[in-house]
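**Q** Next one to model:
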Amino acid sequence: MVRAGRVLADGIAVAKEYTAVHGHFLPPTTAVWDGHPNGVWAKNARAAARRAAANKELRAAGRPVPSAAGAMTDARRDEVDAIAPGWCPVWDTG
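**A** Just a heads-up that it's a prediction; the model follows:
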């Protein structure tokens with residue numbers, strides 16, 4: 001998507017920019033950064049990270065995982081953790 005002659009950055013790039021300015025990556029859901037809905041992206045990323053963690057717990061307990069769809073990969077989690085380690089707190093950020 002192009003806006004104002006510039007290609008919008010993906011979520012990781014926007015997370016880096018937002019964190020550099022704010023010192024954290026816990027944007028409100030309504031946050032938009034440089035035309036990118038980074039608040040919604042962060043909310044969805046946290047949900048995907050929590051789904052992946054829940055799936056790991058199920059596997060460790062020897063229980064079946066209903067679906068891995070929508071779960072964040074370890075590589076993506078590492079990318080976001082490198083930007084802001086506290087981006088996915090255990091409490092609800094809503």
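**Q** alpha carbons only for contacts and neighbour counts from here, please
**A** Noted.
**Q** next one: the longest helix along the chain to chain centre, how far?
**A** Secondary structure of the chain read by DSSP state H shows that its longest helix is helix 38-60. From the chain centre to the centre of helix 38-60 is a distance of 8 Å (C-alpha atoms, centre = their mean, to the nearest Å).
**Q** Same question for stretch 23-38.
**A** Here stretch 23-38 is found 11 Å from its chain centre; the criterion is C-alpha atoms, centre = their mean.
**Q** Dump that stretch to CSV, restricted to CA.
**A** Presented in CSV, the C-alpha positions along stretch 23-38 are these (Å, rounded to 0.1, in the frame of the first residue of the first chain):
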residue,chain,number,x,y,z
GLY,A,23,10.6,3.9,24.8
HIS,A,24,8.2,1.0,24.7
PHE,A,25,6.0,-1.0,22.3
LEU,A,26,2.6,-1.0,24.1
PRO,A,27,0.6,1.2,21.8
PRO,A,28,-3.1,1.6,22.4
THR,A,29,-5.3,-0.3,20.0
THR,A,30,-6.3,3.0,18.3
ALA,A,31,-2.7,4.0,17.6
VAL,A,32,-1.6,4.7,14.1
TRP,A,33,2.0,5.4,13.3
ASP,A,34,3.0,6.8,9.9
GLY,A,35,-0.3,5.6,8.4
HIS,A,36,0.1,2.1,9.8
PRO,A,37,-2.4,0.8,12.4
ASN,A,38,0.3,-0.3,14.8
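**Q** Alright, I will stop here.
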